[in-house]
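>>> coords please:
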Amino acid sequence: MFAMLGTGALFVWLAIAEKKGWLELDFEKVEGFIKIGMSAGIAGSLLYFISKLSIMFL
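A predicted model of the protein is given here:
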């Protein structure tokens, strides 16, 4: 769930940044932001899942 929210927020931020001209439509920058955002979202959701599992079994 956190991964989806983080990725959605990243896409909204990218749309705003493109309209304001901050990214200058550079594909490599956009791809880098997307990869970092998705990796952070996936890592956060995995840590949350592991913490919930440890609470359930301990």
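>>> so what's the most centrally placed residue in the chain up against?
In the chain, the residue lying closest to the centroid (Cα atoms, centre = their mean) is residue 37, at 2.9 Å. Neighbour list for residue 37: 6-7, 9-10 [criterion: Cβ atoms under 8 Å, 6 or more residues apart in numbering]. All C-beta spots, glycine's among them, are computed from the backbone N, C-alpha and C.
>>> Ok, residue 52 next?
Residue 52 touches nothing, counting by Cβ under 8 Å, 6+ apart.
>>> coming back round to it: ok, of the contacts of residue 37, which one's closest to residue 49?
residue 6 (14.5 Å; Cβ to Cβ).
>>> which stretches of the protein aren't confidently modelled?
1-3, 23, 25-26 (pLDDT under 70).
>>> Show me what counts as buried in the longest helix seen in the chain.
Ranked by number of residues, the top helix in the chain under DSSP state H is helix 27-57. Residues of helix 27-57 classed as buried: 33, 37, 41, 45 (neighbour count, 16 or more other Cβ atoms under 10 Å).
>>> Residue 35 versus residue 28, what's the distance?
Separation of residue 28 from residue 35 (Cβ to Cβ, to the nearest Å): 11 Å.
>>> Identify, from the buried residues of helix 27-57, the entry nearest to residue 24.
Nearest member of the buried residues of helix 27-57 to residue 24, counting by Cβ to Cβ, is residue 33, at 13.0 Å.
>>> The closest one is in contact with residue 7, isn't it?
No: the criterion here is Cβ atoms under 8 Å, and residue 33 misses it with residue 7 at 10.9 Å.
>>> Need the contacts of residue 37 in TSV (columns: secondary structure, neighbour count and distance to residue 56).
Shown next, in TSV, are the contacts of residue 37 (DSSP: H, G, I helix; E, B strand; the rest coil; neighbours: other Cβ atoms under 10 Å; distance: Cβ to Cβ, whole Å):
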residue	secondary structure	neighbour count	distance to residue 56
6	helix	19	24
7	helix	16	27
9	helix	12	29
10	helix	17	30
